[in-house]
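Chemist: for reference, the sequence and a predicted model appear below.
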Amino acid sequence: MISRRTVLQATTAGSASVLGFPALAAPWPSKPLRIIVPFAPGGSSDFIARLISKPLGDALGTTVVVENKTGANGIIGAAATAQADDEHTLLLSDMSSLAISPLVTKEMPYKPEQLKGATMLAYSPHLLVAHPSVKANTMAELVALSKQQIMNVSSAGSGSANHLGVVDIALRSGLRWQHVPFRGGAAALADTAAGNTQLCLNGMLATMPLVTAGRLKLLGVSKATRMALIGDRPTIAEQGVKGFESGTYQGVAIPATMPAAIANKLALALIAVIRSPDVRARLVGAGAEVMTTSPKETSDFLVGEGKRWAAVIQSAGKQLEGNA
């Protein structure tokens, strides 16, 4: 099983021969590509999909269309991809949420084995943010405040990676909280910025602009180490939530029926685009690390994330939606 550290270090392969990809026998693509983003516009997945759509189309000699197909914490969009049989449909998503969905959903509209990995694209940490009115500036102050006033925490949806990230924080710190799910991270952030909910744990790409604008207050970063990009703010782990680390791991999944040669050509094009200087600079400037993997490593990452979050779900028991 691939480790989280291995994924972040990522493969540096730059050719089909290095990655062990077979040659493509027939011309592809033969029509426009469709990138399904299973979350609403404004989130991390949507940001990356729109960032790469034109250069990916240029690289493959076709048009790339981004389609936001939302609902059920990404399951609707994932199902549409899993059931596509046109060899021109791919899913760009938070891969952790994709791995979590089968763990928390009783009736899945598709089988997980109907999807396979193409490549990872980027990692960015989650930021734990609060509405400016919340009278806490550190994790210790926040936990103490939550004993007096239950914290309403917004998320991209029940079973999303940022939802389970809060579950993990609460289990480790004793935070008292109540979950308020939304259809995507952008809506969750907007609700907290409006003061309707007090807290949100969400990907840095979508969250940091609201912090910079003063609409949200940053309490901690989910990365293992501090980031100079955001003023060396303290991590959540170093504030007493020992061992905590999470983030949004953006990647591409494709229908399992897609022929290997086509899947590999797509993966190579995606890797070339995400590593290109312009795209990399945009991502790094927003707080994301470029990370690329082979199709097998991507599928292995999904398996590893499933095991990690299954353990959190088991530990939480009846407290998945809060401990109010």
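Modeler: Everything's here; your move. Keep in mind that what you see is a predicted model, and the values were worked out from it rather than measured.

Chemist: the stretch 201-324 of the chain: strands as residue ranges?
Modeler: With DSSP state E, counting those that start in this stretch as the criterion, the stretch 201-324 of the chain has strands at 217-221, 248-255, 289-290.

Chemist: cool, the stretch 51-200 of the chain as well?
Modeler: 64-68, 89-94, 115-124, 126-130, 151-155, 177-181, 199-203.

Chemist: wait, residue 28 touches residue 62, no?
Modeler: No. Between residue 28 and residue 62 there is no contact under CB atoms under 8 Å: 9.3 Å. Using the backbone N, CA and C atoms, a C-beta is placed for each residue, glycine as well.

Chemist: circling back: the strands of the stretch 51-200 of the chain: which one's closest to residue 55?
Modeler: strand 64-68 (8.9 Å; CB to CB).

Chemist: pull the distance from the closest one to the chain's centre.
Modeler: Its chain's C-alpha centre and that of strand 64-68 lie 18 Å apart, by CA atoms, centre = their mean, to the nearest Å.

Chemist: helices or strands up against it?
Modeler: Here strand 64-68 touches strand 33-37, helix 44-60, going by 3 or more CB pairs under 8 Å, 6 or more residues apart in numbering; DSSP states H and E.

Chemist: switch the ones you listed over to TSV; also include mean pLDDT, distance to residue 222 and mean neighbour count.
Modeler: Below are the helices and strands packed on strand 64-68 laid out as TSV (pLDDT from 0 to 100; distance: least, CB to CB, whole Å; neighbours: other CB atoms under 10 Å):
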stretch	mean pLDDT	distance to residue 222	mean neighbour count
strand 33-37	98	22	23
helix 44-60	96	13	22
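
Chemist: could those go into CSV alongside distance to residue 178?
Modeler: Output for the helices and strands packed on strand 64-68, formatted as CSV (distance: least, CB to CB, whole Å):
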stretch, distance to residue 178
strand 33-37, 28
helix 44-60, 24
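
Chemist: and those: which comes nearest residue 88?
Modeler: Comparing these under CB to CB, the one sitting nearest is strand 33-37, at 5.1 Å.

Chemist: could you pull out the helices for this protein?
Modeler: 4-9, 16-19, 44-60, 75-82, 95-104, 139-148, 161-173, 185-193, 204-212, 260-275, 277-286, 295-316 (DSSP state H).

Chemist: Throw those into TSV and include distance to residue 118, thanks.
Modeler: As requested, the helices of the chain are arranged in TSV below (distance: least, CB to CB, whole Å):
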stretch	distance to residue 118
helix 4-9	14
helix 16-19	12
helix 44-60	12
helix 75-82	11
helix 95-104	11
helix 139-148	37
helix 161-173	19
helix 185-193	22
helix 204-212	20
helix 260-275	5
helix 277-286	17
helix 295-316	6
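
Chemist: burial-wise, tell me which of the strands of the stretch 201-324 of the chain comes out on top.
Modeler: strand 248-255 (a mean of 26; mean count of other CB atoms under 10 Å).

Chemist: quick one: strands adjacent to that one?
Modeler: strand 89-94 (antiparallel), strand 115-124 (antiparallel) (DSSP bridges).

Chemist: residue 31 touches residue 88, doesn't it?
Modeler: Yes. Between residue 31 and residue 88 there is a contact under CB under 8 Å: 5.8 Å.

Chemist: more neighbours: the two, which one.
Modeler: Comparing residue 31 with residue 88 by other CB atoms under 10 Å, the one with more neighbours is residue 88, at 19 against 11.

Chemist: can you list the domains in the protein?
Modeler: 4-124+247-312, 126-246 (automatic domain parsing).

Chemist: nearest to residue 321, of these?
Modeler: Using CB to CB, those put domain 126-246 closest to residue 321, at 4.4 Å.

Chemist: how long is the closest one from one end to the other?
Modeler: Domain 126-246 has its terminal residues 6 Å apart, counting by CA to CA, to the nearest Å.

Chemist: and stretch 220-239, by the same measure?
Modeler: 8 Å.

Chemist: low pLDDT regions in the protein?
Modeler: Along the chain, segments meeting pLDDT under 70 span 1-26.

Chemist: cutoff 50 now
Modeler: 1-18 (pLDDT under 50).

Chemist: report the beta-bridge partners for the closest residue to residue 235 other than its chain neighbours.
Modeler: Using CB to CB, 6 or more residues apart in numbering and skipping residues adjacent in sequence, the residue nearest residue 235 is residue 221, 5.0 Å away. Per DSSP bridges, the residues bridged to residue 221 are residue 127, residue 235.
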